[in-house]
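J.: sequence plus predicted model, see below.
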Number of protein chains: 2
Amino acid sequence: MPFTPQEVEAHLEKLEGWELEEGRWIVRKYSFSNFMKGIAFVDEVAAISEAFNHHPFITIDHKTVTLRLTSWEAGGITAVDIKEAYQYNEAFAKYSG
Amino acid sequence: MPFTPQEVEAHLEKLEGWELEEGRWIVRKYSFSNFMKGIAFVDEVAAISEAFNHHPFITIDHKTVTLRLTSWEAGGITAVDIKEAYQYNEAFAKYSG
């Protein structure tokens, strides 16, 4: 079962930088001081998503990396999406210090 | 000076898998047998684009990596975009063998 819209909003209030998009994705844009730092971050995102066997949609636009998460099979946002988003924020922390 | 539409088309006829999009991008979708192979390819794309100091717009949608190239400063497609696209195709060849 996916979270209700109210449950999603409650999670997003605590999840830095993530927003709801089109009611079915959670999205965050991460900015880096140069392109290769963004690529190093994407490598970490890849490893995390492999461990979850749940892969975000990733875009790399020069120094900006955008991640979009949803649970297709559940038809919305689930606990897995939220857990992963926290891990991406943790991974990002070392690039933004 | 960017290439004329006719010049772009002449290049694309020889450049496997690349197509013109919205008259100002060249685009190719690359498919992989698994997610991590796509990520390894993106790492090679990143190194190539750093060498050119000219970065494609990259999307990663599970096992599909899409690259989009344009030369903003020239207002269209230039020789740099075409050269880079050839190098991405070369890099891809080792994943599709």
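T.: Here it is on my side, so go on.

J.: quick one, longest helix in chain A?
T.: helix A:35-52 (DSSP state H).

J.: do that one and chain B meet?
T.: Yes - applying Cβ under 8 Å from any Cβ of the partner chain, one finds helix A:35-52 touching chain B at A:F35, A:M36, A:I39, A:V42, A:D43, A:A46, A:S49, A:E50. Yep, even glycine has a C-beta here, placed from its N, CA and C like the rest.

J.: derive a ChimeraX selection command for the buried subset of those residues.
T.: Here is the ChimeraX command that picks out the buried ones among the residues of helix A:35-52 next to chain B, judged by 16 or more other Cβ atoms under 10 Å in any protein chain shown:
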select /A:35,39,42,46,49
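
J.: closest one to B:S96 out of the residues of helix A:35-52 next to chain B, please.
T.: Distances from B:S96 to the residues of helix A:35-52 next to chain B, taken as Cβ to Cβ, are shortest for A:A46 (19.5 Å).

J.: so who does that closest one touch?
T.: B:F35, B:M36, B:I39 (Cβ atoms under 8 Å, 6 or more residues apart in numbering or on different chains).

J.: just those now: which is nearest B:L20?
T.: Relative to B:L20, the closest of the contacts of A:A46 is B:I39; by Cβ to Cβ it sits at 27.1 Å.

J.: now the closest one, nearest residue through space, not along the chain?
T.: Residue nearest to B:I39 in three dimensions, not counting chain neighbours: A:A46, with 4.3 Å by Cβ to Cβ, 6 or more residues apart in numbering or on different chains.

J.: and the one you found, what's its pLDDT?
T.: At A:A46, the pLDDT value in this model is 98.

J.: done for today, thanks.
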